[in-house]
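# Mind looking at a prediction? Sequence and model below.
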Amino acid sequence: MELIKEKDAQAIQEWFEELEQSVRLLVFTQEHECEYCRENRVLAEEMASLSDNVTVEVYDFVDDRAVAEEYGVDKIPAIAIIGEQDYGVRYYGFPGGYEFTTLVEDVIDVSKGDPGLSEQTMEALSKLSQDVHLQVFITPTCPYCPRAVRLAHKLAIASERIRADMVEAIEFPHLSNKYQVFGVPLTIANETIRLEGAMPEARLIQELLRDLEKQAQSDADAAWHG
């Protein structure tokens with residue numbers, strides 16, 4: 001093991017005993033690997049070596065453009081976690097530090113197809129009338145970021161209308177500037193909605209649905225007056 005320490009590998013092997021269905025880790029890199037592309041690929045390959053139910057597929061971001069477009073991958077390094085279906089769970093940037101455990105737990109959730117959310121949350125999500133794209137900006141040294149990423153990915157597993165990205169803020173400075181990321185975790189929903197901090201499940205759902213309703217109303221008003 002190069003990135004995963006032996007004691008951690010043993011723990012992950014035990015966790016992966018919970019896997020119910022096969023999981024594919026789609027790694028997007030390029031021939032002359034970008035910063036952290038190599039680490040991203042090696043980490044995925046080492047994880048896959050710990051379970052027969054986890055496999056890795058490595059794609060070149062340029063040469064395999066059609067595959068990247070199929071999975072909506074628009075930047076690298078990237079990992080898409082695919083189970084029986086594509087739930088829209090994505091990692092952009094190297095999931096090191098605190099985020100490594102998040103990656104392991106997401107693999108388990110995707111294998112089960114069960115996000116483990118409350119009945120109230122599931123009911124609320126069933127009423128979504130629009131598609132939602134969540135981008136959770138993090139840094140590897142942020143102890144609160146994994147909770148925000150995990151919840152966003154759980155929402156993606158729970159609803160076909162939601163896709164969720166972890167975005168490592170330092171590796172993608174142009175996005176951090178675009179969305180004015182001054183602190184993490186910061187979740188951006190549909191480009192304009194800002195959800196700051198690692199919120200509890202119920203509060204995040206409440207604020208997200210409220211802001212989505214406001215956004216939809218604003219768009220409707222603009223269309224009416226336009």
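Thanks, I have the structure now.
# Pull out the buried residues from the helix or strand of the chain with the lowest mean pLDDT.
Ranking every helix and strand in the chain by mean pLDDT, DSSP states H and E puts helix 201-225 at the bottom, with a mean of 86. Neighbour-count burial for helix 201-225, counted by 16 or more other Cβ atoms under 10 Å, picks out Leu204, Ile205, Glu207, Leu208, Asp211, Leu212, Gln215. Glycine gets a C-beta too; all of them are placed from N, C-alpha and C.
# by contact count, what packs against that helix?
With contacts taken as 3 or more Cβ pairs under 8 Å, 6 or more residues apart in numbering; DSSP states H and E, helix 201-225 sits against helix 119-126, strand 186-189, strand 193-196.
# List just the one of these that sits closest to Asp8.
Of all the helices and strands packed on helix 201-225, strand 186-189 sits nearest to Asp8, with 27.8 Å by Cβ to Cβ.
# The closest residue to Phe94 other than its chain neighbours: what's it in contact with?
Leaving aside its sequence neighbours, Phe94 sits nearest to Tyr36 (Cβ to Cβ, 6 or more residues apart in numbering; 4.1 Å). By Cβ atoms under 8 Å, 6 or more residues apart in numbering, Tyr36 lies in contact with Pro77, Gly93, Phe94, Glu171.
# And those, which is closest to Trp224?
Gly93 (40.1 Å).
# Just want the phi and psi numbers for the closest one.
As for Gly93, its main-chain torsions (degrees, to the nearest 10) stand at phi 100, psi 160.
# Which residue, neighbours along the chain excluded, lies closest to it?
Using Cβ to Cβ, 6+ apart and skipping the chain neighbours, the partner closest in space to Gly93 is Glu168 (2.6 Å).
# pretty sure the one you found contacts Gly97?
No: assessed by Cβ atoms under 8 Å, Glu168 is found out of contact with Gly97, at 9.6 Å.
# Give me the more crowded residue out of these two.
Neighbours were tallied for Glu168 and for Gly97 using other Cβ atoms under 10 Å; the higher tally belongs to Glu168 (24 against 17).
# List the beta-bridge partners for that one.
Ile138 (DSSP bridges).
# where does it land on pLDDT?
Here, the pLDDT recorded for Glu168 equals 98.
# Any figure for the gap between it and Gly96?
With distances taken as Cβ to Cβ, to the nearest Å, Glu168 is found 9 Å from Gly96.
# shared neighbours of these two, anything?
Overlap of the contact sets of Glu168 and Gly96 (by Cβ under 8 Å, 6+ apart) consists of Pro140.
# Contact partners for Glu119?
By Cβ under 8 Å, 6+ apart, Glu119 lies in contact with nothing.
# Let me see the domain layout of the protein.
Following automatic domain parsing, one gets these domains for the chain: 1-113, 115-226.
# related to what we said a few turns ago, pLDDT at the residue nearest to Phe94, what is it?
The model reports Tyr36 with a pLDDT of 92.
# hang on, Arg24 in a strand?
Yes: residue assignment for Arg24, taken from DSSP: H, G, I helix; E, B strand; the rest coil, places it within a strand.
# Tell me, how many residues neighbour it?
Residues lying near Arg24 (other Cβ under 10 Å) number 16.
# ok, and the closest non-adjacent residue to it?
Sequence neighbours aside, Ile82 is the residue nearest to Arg24 in space, at 4.4 Å (criterion: Cβ to Cβ, 6+ apart).
# Number of residues surrounding the one you found?
Residues near Ile82, counting by other Cβ under 10 Å: 18.
# Any figure for the gap between it and Glu35?
25 Å.
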